[in-house]
Every structure is written in C-alpha cells, then in structure tokens.
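Enquirer: one predicted model, sequence on top.
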Amino acid sequence: MPRPLLTTVAILALTAGLGACASSRLDGPASGRGPGPQAALDTSVPAMPSAPITSAPLAPPPGAAATPVDAPLGANVAVAPATPVIAPEPSAAAIAPPAPPPVVVATGRSSVVGAWTAKDATGASCRVSLSSAPALDLYKASAAACPNKDLAKVTAWDYRDGEVYLYQPGGTVTARLRQGGGALDGALSKSGASLAMVR
C-alpha cells in the first residue's frame, strides 16, 4: 500500500475513534451504565440559600443639597427656599428727630443794647433806647413820650453784676432792672413802683 494512502486511512480511523468517545461522554446516561458526569455534578453540592438583597441610597457628597428618600430617582425635587431674615422695625424713639438745643438767652451788656418798651405800675408805656455809644464812664440812653417824669429824664445807662442801671443827668439812678427771659424787670428808685422793659 502506498505511504500517502496509509497516512490518510490512519487519520480517518483516529478521527472516527475520537468522535465515538466524545459522543459517549456527551450523551445522556446509557442503559445499563451509571449516571453521567452532569448528574453527579448536580447532586454532589446542595444549593446555598440566598439572603434577600436590599438597597439604600448613598449619602449626598459634602456641600450638596439632600434629596428626600421617598422621591423616585430622576424626579425633579423642589427644595424649599431658605426663610429670609427680616430686620426689626426701628423704634419710634430711633426715628424721632433730635430735640432742638435749649434756647440760651444771651446776657451781658451787649445783649441789652437796643430799643425797649417800658411799662410802669400804672400801665403807662414809653420807648427807652439803650445805646452802645459811651458817655463818660456810662453809655448813652434816651426816653421818648414817657408819662413818668423820672423815666422821661433818663440819659445814660450801665450794666453791672447782671443788672441794668438807668441814670438821669448828674448821676441819679432812675431805675434798676434785672435781666431774665428776654425782658428787664425791676423798679423805679424814687417811688419803688415796678418797671418792666420788653422788646
């Protein structure tokens, strides 16, 4: 028999033998033989019971707003806005305008310079002017239309120790008045009758 033909026959015989072995291993159990390898595998290890599988959502990363647990995945979840902080209303005392400064009544010689209306105890009145022009060691003064004869003679005045002195020619004191509340109150020197001078 030629050599190539012999080789072909040998290969065919080997292939047929391998095919028979494979079919007998892969087929089910044959009659008269024991169980196949698959049956032995199925009964050798009992099945393990499996525990129920649970799932829980992961905590949000730091700095992210928390999503409610009951919300379904993919749902749009509205987050309530933060409550705005409202500043308290200012009290009435805080918005009230500041109190005006107290009225300061000027005192001194310069505060009494000018024209005054003099009223005596009888209710008669006249005009008395106190000038800032010096007259020897006093200041000039004048009286106009005064019914009181002593008051009508006033020609000079002075301011000493918070009081206004009215003088007649020759240095006789006609009246002494004290400054208070924007007016001059006092008395005539000769009669002691009250005298007031207002602007």
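Expert: Structure's in. What do you need?
Enquirer: from Thr7, how far out is the closest residue to Ala124 other than its chain neighbours?
Expert: Spatial nearest neighbour of Ala124, chain neighbours left out: Pro147 (4.2 Å); criterion: C-beta to C-beta, 6 or more residues apart in numbering. Any C-beta I mention is one placed from the backbone N, CA and C, and that applies to glycine too. Counting by C-beta to C-beta, to the nearest Å, the gap from Pro147 to Thr7 is 174 Å.
Enquirer: what does Arg178 give?
Expert: In terms of C-beta to C-beta, Arg178 sits 159 Å off from Thr7.
Enquirer: now Asp120
Expert: From Asp120 to Thr7 the distance is 170 Å (C-beta to C-beta).
Enquirer: report the secondary structure state of Ala10.
Expert: On the three-state scheme (DSSP: H, G, I helix; E, B strand; the rest coil), Ala10 is labelled helix.
Enquirer: pLDDT score assigned to it?
Expert: Here, the pLDDT recorded for Ala10 equals 70.
Enquirer: same question for Thr117.
Expert: 97.
Enquirer: my read: Ala175 touches Ala196, true?
Expert: No - when contacts are counted by C-beta atoms under 8 Å, Ala175 is not listed as touching Ala196 (10.2 Å).
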